[in-house]
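Peer 1: pasting the structure only:
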C-alpha cells in the first residue's frame with residue numbers, strides 16, 4: 001500500500017504535478033467532447049427538421065418510380081394533402097402512400113427511422129437498410145417511438161442494436177402522428193475519435209512533463225540536499241564532550257535569502273553559529289570546573305595529609321607508652337573516639353579527593369601507562385581481595401584456559417575491576433552470588449596475541465538497579481539512595497571512574513539490570529595506541545618541554561633520568577606558559593618521581609608564565 005507521507009519531497013511534488021496535469025487534461029478533453037457532441041447534435045437536429053417534412057414535398061420522377069408509383073397526383077384526399085380550400089392542387093402534390101414511405105426517397109440518410117402513430121399505437125415503424133427497402137422495426141423498439149411526446153421537439157432515444165437516434169414526433173392533419181429520426185452513430189464515432197486522439201496527446205504531454213518535471217524538481221531541490229548533507233555532517237560530530245569547533249557551514253551559494261531553500265540554508269548557518277558559541281561557552285565552563293576540581297583536590301591533599309599525620313602521631317605516642325588503647329591514658333574516652341573518627345573520615349575524604357583528582361586528570365586527556373597486563377592474574381587477585389572483604393558473598397570465576405594479556409595501565413585496570421566488585425558487594429545483600437567472567441570474543445586470537453578485543457563481565461543475582469537510575473549509573477555522584485547518608489561508604493564516583501578509565505583505554509562499558517540479574521560488561525581492545533611523548537627534547541642538564549603537552553612527565557623523567565642523575569642545578573625549563581591545572585599536574589608528576597624532592601621556584605614567573613622548576 002502506498003504511503004504518501006513516507007515519500008520524499010521530490011516524489012510528492014512530482015506526483016502532485018502529474019495528478020494536477022492529468023486532472024486538467026481530462027477536464028479539457030471531457031469538456032471538448034461534450035461541446036463537440038452538443039454542436040453535432042444541433043446539426044443533426046437541423047437535418048431532422050428537414051427530414052420529417054419531406055413526406056409532403058413532390059419528389060422527382062425517378063424517386064416516384066423508385067417508390068413504385070406511391071407518389072402521384074391525387075385528388076386531395078391523401079394524408080399529405082396540402083390543397084386549397086376546395087381540395088384542388090396548391091403547388092404541392094399530396095402523398096399517395098403511407099406516411100413512412102418517405103424514408104425510401106432519394107437523398108435520405110441511411111438509417112433514417114420513421115413511424116406512424118395512431119391512437120398512441122404504432123401502425124408502422126421502418127428503418128432502411130443499405131441498398132434495400134425499409135424494414136420494420138422490432139415491436140420493443142417501436143414501442144419506444146410511440147412513447148415520444150408529439151411536440152415537434154428533438155429527443156435522443158436508444159433503439160437497441162440500432163444505436164442512438166435523434167427523433168421528433170409531428171402531428172399530421174388527420175390527427176395521427178409521424179415520428180422521424182436520424183442516427184447518431186456518426187456523431188458518436190466523431191466524439192469517440194476526438195477522445196482517443198486528445199487522450200493520446202494528453203497522455204504524451206503528461207509523460208513528457210513528468211520527465212521534464214523530474215529533472216527540474218531534482219535540480220531545484222539539489223541545494224536542499226546540500227543543506228541536509230551539512231546538517232548530517234554536523235550530527236556526526238562528537239558534540240557531547242570536549243572542545244567542539246563547528247566550522248561546517250552551508251555553502252554561500254545555498255544561502256540566498258531570495259529563495260526558500262536559501263532561507264533554510266541561511267537559518268541553518270545562523271543556528272550553527274549560535275550552537276558553536278554555546279558549545280564553546282559550555283567547554284570553557286567545564287574547563288573551569290575541571291580546573292577548580294583539580295586545584296581543590298590538589299590543595300586538599302596537603303591538609304588532609306597533615307590531619308592524618310597528627311592522628312597517627314597521637315596513636316604512636318600512646319603505643320610508645322605501652323598501652324593497649326593508645327589514647328586511653330592521654331585523653332578522655334569521648335575525645336579518643338572523636339580522634340578515631342577524625343582519622344577514619346580523613347581517610348575517606350582522602351579517597352574522595354584522590355578519586356576527584358583522577359577524574360579530572362582523565363577528563364583532561366592525560367595519558368595512562370601502557371604495558372602488558374596479565375588480565376587473568378589481575379582478575380584472580382581482585383576477586384581474592386573481594387572475597388576477603390565480603391565473606392558473606394559467593395564469588396565465582398570463569399576464565400579462559402590460557403592467560404589473557406592486554407596492553408594497558410595495570411593499576412587503573414585493577415581499579416576498574418575492584419570498583420565493579422565493590423559496587424556489587426555494597427549494593428547487594430549477604431549471600432548474593434557474584435560471577436566474574438573473562439572471555440575472548442570470536443576472532444580475538446589467542447590469550448597473548450594482543451589482537452581483537454577482550455570482554456570482562458561482573459554479574460550478580462542481587463535485587464538489581466532501579467530503572468530510573470540505570471541510564472545515569474555512570475554519572476558522577478549517582479547513587480541508588482537519594483539521601484546524603486554514607487551508610488555503605490559509597491561516594492558515587494566508583495562507576496564514573498570505571499567508565500572514564502575504560503574510555504581512556506579505548507574500550508566501552510555497558511550495563512543491563514533486572515531483578516535477580518545485573519551485568520556490567522567491559523570490552524577492551526587488546527592494544528592501545530601509544531600516546532604522544534610529552535618531552536620535546538633534552539639539552540645538557542635541562543629538559544625542555546612543550547607546555548601544551550605537560551602531562552606524562554613522570555614517564556619521561558623516569559625513562560630518561562635515574563634519581564641520582566639530578567644535581568642541585570638540574571631543572572626543567574618551561575618554554576611556554578602553563579595553565580593552573582597543567583602546572584599542578586606538572587608538580588604532581590615531579591612529586592611522583594621516586595627519591596626526588598621538588599621545589600617550585602616561581603619567584604620570577606609563577607604558574608601561567610614562562611618560568612623554571614628546579615629539582616633538588
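Peer 2: Ah, there it is. It should be emphasised that the depicted structure is a prediction, and the values quoted were computed from it without experimental measurement. Numbers count the residues shown, from 1 in each chain.

Peer 1: what about residue 470, how many neighbours?
Peer 2: By the criterion of other C-beta atoms under 10 Å, residue 470 has 16 neighbours. Any C-beta I mention is one placed from the backbone N, CA and C, and that applies to glycine too.

Peer 1: if we ignore the residues flanking it in sequence, what's nearest it?
Peer 2: Once flanking residues are discounted, residue 470 sits nearest to residue 513: 5.8 Å by C-beta to C-beta, 6 or more residues apart in numbering.

Peer 1: and what of residue 220?
Peer 2: The nearest residue in space to residue 220 (C-beta to C-beta, 6+ apart) is residue 261, at 8.0 Å.

Peer 1: does the one you found really touch residue 227, like I thought?
Peer 2: Yes: with contact taken as C-beta atoms under 8 Å, residue 261 and residue 227 are classed as touching, separated by 6.9 Å.

Peer 1: what do the two both touch?
Peer 2: Listed as contacting both residue 261 and residue 227 by C-beta atoms under 8 Å, 6 or more residues apart in numbering are residue 254.

Peer 1: those two: which is more packed in?
Peer 2: residue 227 (23 against 19).

Peer 1: what strand or helix carries that one?
Peer 2: Per DSSP states H and E: residue 227 is located in helix 222-235.

Peer 1: show me which residues of that helix are buried.
Peer 2: Using 16 or more other C-beta atoms under 10 Å as the burial criterion, the residues of helix 222-235 that qualify are 223, 224, 226, 227, 230, 234.

Peer 1: try stretch 141-150
Peer 2: Of the residues in stretch 141-150, those with enough neighbours to count as buried (16+ other C-beta under 10 Å) are 141, 142, 144, 145, 146, 148, 150.

Peer 1: how about stretch 463-473?
Peer 2: 463, 464, 465, 470, 473.

Peer 1: closest to residue 38 out of those residues?
Peer 2: Nearest to residue 38, judged by C-beta to C-beta, of those is residue 470 at 77.4 Å.

Peer 1: dihedrals phi and psi, the closest one?
Peer 2: phi -60, psi -40 (degrees, to the nearest 10).

Peer 1: measure it to residue 435 for me?
Peer 2: 20 Å (C-beta to C-beta, to the nearest Å).

Peer 1: please apply the same query to residue 391.
Peer 2: For residue 391, the distance to residue 435 equals 17 Å [C-beta to C-beta].

Peer 1: equivalent analysis for residue 139, please.
Peer 2: On the measure of C-beta to C-beta, residue 139 and residue 435 end up 101 Å apart.

Peer 1: likewise residue 135?
Peer 2: The gap separating residue 135 from residue 435 is 105 Å, by C-beta to C-beta.

Peer 1: between the two, which is the more surrounded one?
Peer 2: Neighbour count, other C-beta under 10 Å: between residue 135 and residue 435, residue 435 has more, with 17 against 11.

Peer 1: same for the helix or strand containing the more buried one, what does it pack against?
Peer 2: Residue 435 is located in strand 433-439, with elements delineated by DSSP H and E. In terms of contacts (3 or more C-beta pairs under 8 Å, 6 or more residues apart in numbering; DSSP states H and E), strand 433-439 is packed against helix 375-389, strand 394-398, helix 410-426, strand 453-460.

Peer 1: what's the closest of those to residue 493?
Peer 2: Here helix 410-426 is closest among the helices and strands packed on strand 433-439 (C-beta to C-beta), at 8.9 Å.

Peer 1: which elements pack onto that closest one?
Peer 2: On a contact count with 3+ C-beta pairs under 8 Å, 6+ apart, helix 410-426 meets strand 371-374, helix 375-389, strand 433-439, strand 453-460, helix 494-504, strand 517-525.

Peer 1: one more time with 6 Å, if that's ok
Peer 2: Here helix 410-426 is seen to pack against helix 375-389, helix 494-504 when contacts are counted using 3 or more C-beta pairs under 6 Å, 6 or more residues apart in numbering; DSSP states H and E.

Peer 1: make a markdown table from the ones you listed and add mean neighbour count to it.
Peer 2: Listed next are the helices and strands packed on helix 410-426 as a markdown table, based on neighbours: other C-beta atoms under 10 Å:
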| stretch | mean neighbour count |
| --- | --- |
| helix 375-389 | 17 |
| helix 494-504 | 21 |
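
Peer 1: quick one: closest of those helices to residue 245.
Peer 2: With distances scored as C-beta to C-beta, the stretch of those nearest to residue 245 is helix 494-504 (21.2 Å).

Peer 1: what's the angle from that closest one to strand 517-525?
Peer 2: Counting by axes from the mean of the first three to the mean of the last three C-alpha atoms, to 10 degrees, helix 494-504 points 30 degrees away from the direction of strand 517-525.
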